[in-house]
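1. sequence unavailable; structure follows:
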């Protein structure tokens, strides 16, 4: 039995070995990599003459949006010229511990250099950050000229950078609106100091973000929020809540509505009798049903009376 298993294993290894067929070599060092490094350096610095000297006469390039027609050298030179002059701290560097590879394909007699880089910088005109991973492949001819380049990077971020030059409407701002009334009634309910009455303005799934006193993306549930509220009410008495200015409804296109408001809230320390008025900014996000799905508040407990 043991002999049969050994023989079967040997046959399997021979079959697997027979299925392998070498089609070239991968290099960790190659002159073509130096050409690509020179190209990236010239692209970042806007050295257009250097770029032209490194590519072939019929050079073409693509990114993930160019499915039918590749870009021309003229377009690439224009891109380099613009980015080098308008992107502050513009860099294209190898990402982390990554390094380029050169793939020499024997069957097709071609050489591709693959780079794994990170692009950084921000547009000096709009402030939009262009920090993104950038994967690229360069096909290099035997004479050392770059024949083509294919880039995969963050096209969503590029579109954001392009759009920043336009004035784009993203909704409507309302001064008077039913959601403003809901927020006003909510704030008035806090004067009752009755937890059940206040909670009735929220839902069980409302998320509370205490922006100044919590970690990033940390939120409290309805029960957690009002456990904290009850603890505060043992020490302080809420005397007044008055609007500062007026609330606004930001009705975003396709993204729901948010009411932003500012309030002057007068507290009294029950033990010392000291009274202080503090300012609070609150944002209430509403779902399609008109329920409060999220509350972000900017509250500094250090301002409460001693």
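-> Received, thanks. Here the structure is a predicted model, which is why all the values come from computation and not from measurement.
2. contacts, neighbours, all on C-alpha from now
-> Noted.
3. now whichever strand or helix holds residue 250: average pLDDT?
-> Per DSSP states H and E: residue 250 is located in strand 248-252. Strand 248-252 shows a mean pLDDT of 93.
4. likewise stretch 32-40?
-> Mean predicted lDDT for stretch 32-40 stands at 96.
5. who's in contact with the strand holding residue 250?
-> For strand 248-252, the surrounding residues in contact (CA atoms under 8 Å, 6 or more residues apart in numbering) are 170-177, 179-180, 257-261.
6. what do you get for stretch 50-63?
-> Residues from elsewhere that reach stretch 50-63 (CA under 8 Å, 6+ apart): 35, 39, 42-43, 70-73, 77, 144-153.
7. end-to-end on it?
-> End-to-end distance for stretch 50-63: 22 Å, by CA to CA, to the nearest Å.
8. likewise stretch 190-200?
-> End-to-end distance of stretch 190-200 (CA to CA): 11 Å.
9. what of stretch 188-198?
-> 9 Å.
10. just how off-centre is it within its chain?
-> Taking CA atoms, centre = their mean, to the nearest Å, one finds the center of stretch 188-198 at 38 Å from the center of the full chain.
11. could you look up the SS state of the most centrally placed residue in the chain?
-> Among the residues of the chain, the one closest to the centroid is residue 157, at 8.4 Å (CA atoms, centre = their mean). Three-state call for residue 157 (DSSP: H, G, I helix; E, B strand; the rest coil): helix.
12. which of the helices and strands in this structure ranks last by mean pLDDT?
-> helix 2-19 (a mean of 56; mean pLDDT, DSSP states H and E).
13. and the helix or strand just after that one, what other elements does it pack with?
-> Next along the chain after helix 2-19, taking DSSP H and E as the criterion, comes strand 24-27. Secondary-structure packing of strand 24-27 (3 or more CA pairs under 8 Å, 6 or more residues apart in numbering; DSSP states H and E): strand 101-105.
14. list the helices and strands the strand it packs on packs on?
-> Using 3+ CA pairs under 8 Å, 6+ apart, strand 101-105 sits against strand 24-27, helix 31-45, strand 110-123.
15. who touches that strand?
-> With CA under 8 Å, 6+ apart, strand 101-105 has contacts from 23-30, 32-33, 110-115.
16. before we move on, the earlier item: in TSV: the helices and strands packed on strand 101-105, plus mean neighbour count and distance to residue 287.
-> Shown next, in TSV, are the helices and strands packed on strand 101-105 (neighbours: other CA atoms under 10 Å; distance: least, CA to CA, whole Å):
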stretch	mean neighbour count	distance to residue 287
strand 24-27	14	54
helix 31-45	18	45
strand 110-123	20	34
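17. now do residue 267: how many residues are near it, please.
-> Neighbours of residue 267 under the rule other CA atoms under 10 Å: 23.
18. does the closest residue to it other than its chain neighbours sit in a helix or strand, and which one?
-> Distance criterion CA to CA, 6 or more residues apart in numbering; nearest residue to residue 267, sequence neighbours excluded, is residue 238 at 4.7 Å. According to DSSP H and E, residue 238 maps onto strand 236-243.
19. okay, buried residues for that strand please.
-> Within strand 236-243, the residues that count as buried by 16 or more other CA atoms under 10 Å are 236, 237, 238, 241.
20. measure the second one to residue 193 for me?
-> By that I understand residue 237. Residue 237 sits 9 Å away from residue 193, taking CA to CA as the criterion.
21. could you do the first one as well?
-> In this view, residue 236 and residue 193 are 11 Å apart by CA to CA.
22. again, but for residue 79
-> Going from residue 79 to residue 193 by CA to CA gives 61 Å.
23. residue 112 bridge partners, please.
-> With DSSP bridges as the criterion, residue 112 is bridged to residue 103, residue 139.
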